[in-house]
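Q: Sequence first, then the predicted structure:
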Amino acid sequence: MSRLNLTEAAPEPYQALLRAQRAIHDSALDSTIGELVKIRVSQLNGCLFCIDMHTTQARRDGESEQRLHHLAAWHESPLYSERERAALAYAEAVTRCENVDDQRWAELRTHFPDEKEVGQLVLQVALINALNRLAVPLHKEPDLVPPVA
């Protein structure tokens with residue numbers, strides 16, 4: 001059970017975060033890349049609630065089980081495009097509070113030349129980190145399906 005229901009405790013600011021997420025979802029950012037980034041960042045932050053939510057959404061959008069399973073070790077997997085790799089590398093660096101140096105930024109911009117799309121990616125990475133940092137300490141839990149015996 002969650003420690004705090006933000007919808008009740010802080011409805012206006014929490015809804016503003018959710019509206020920002022909807023705006024990014026409806027933006028120029030490729031939805032597959034958006035979901036992969038949300039899942040990977042949530043893995044790094046240990047956010048079970050968000051991992052569950054975004055893997056479920058990715059499956060609905062047609063993502064393969066194999067790519068979802070490989071995401072934790074995407075560096076070693078041949079299943080991701082160079083564009084996806086650039087987005088994941090950027091997302092990992094930001095999540096780990098590493099310097100996004102000029103070389104990493106140039107690599108990202110090579111695969112995301114559109115200013116609007118890269119802007120949406122930057123915001124998505126920041127926002128999923130913020131949402132993880134709410135869900136983890138508040139012990140937000142996904143709806144779990146009991147295992148089949």
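A: Right, received. Where do you want to start? What you see is a predicted model; the values in this text were computed from it and never measured.
Q: which residue is nearest the centroid of the chain?
A: Lys38 (0.9 Å; CA atoms, centre = their mean).
Q: Where does pLDDT dip in this protein?
A: By pLDDT under 70, the weakly predicted segments of the chain are 149.
Q: at 90 what do you get?
A: Residues of the chain meeting the criterion pLDDT under 90: 1-2, 143-149.
Q: Distance from the helix or strand where Asn132 lies to the middle of the chain?
A: Using DSSP states H and E, Asn132 sits within helix 115-135. Put simply, helix 115-135 sits 7 Å off its chain's centre (CA atoms, centre = their mean, to the nearest Å).
Q: Against Leu134, how distant is Cys47?
A: According to CB to CB, to the nearest Å, Cys47 and Leu134 sit 9 Å apart. Any C-beta I mention is one placed from the backbone N, CA and C, and that applies to glycine too.
Q: quick one: the helices in the protein?
A: 6-9, 11-25, 31-45, 48-60, 65-70, 82-95, 102-111, 115-135 (DSSP state H).
Q: you'd agree Asp125 is up against Cys97?
A: Actually, residue 125 is Val rather than Asp. No. Here Val125 does not reach Cys97: they are 12.0 Å apart, not a contact under CB atoms under 8 Å.
Q: Of the two, give the one with the bigger neighbour count.
A: Val125 (22 against 7; other CB atoms under 10 Å).
Q: which ones are touching the more buried one?
A: Val125 sits next to Val37, Val41, Tyr90, Ala91, Val94, Thr95 when contact means CB atoms under 8 Å, 6 or more residues apart in numbering.
Q: one more time with 6 Å
A: Neighbouring residues of Val125 by CB atoms under 6 Å, 6 or more residues apart in numbering: Ala91, Val94.
Q: Give me the phi and psi angles of Arg96.
A: With angles defined as degrees, to the nearest 10, Arg96 shows backbone torsions of phi -90, psi 10.
Q: From Ser64, how far out is it?
A: 27 Å.
Q: again with Glu98
A: Distance of Glu98 to Ser64, given as CB to CB: 29 Å.
Q: returning to that earlier point: so between Cys47 and Leu134, which is more surrounded?
A: Cys47 (25 against 17).
Q: Now for the nearest residue to that one once chain neighbours are set aside, how many residues are close by?
A: Of all residues not flanking Cys47 in the chain, Asn132 sits nearest, at 4.1 Å (CB to CB, 6 or more residues apart in numbering). Per other CB under 10 Å, the neighbour tally for Asn132 reads 23.
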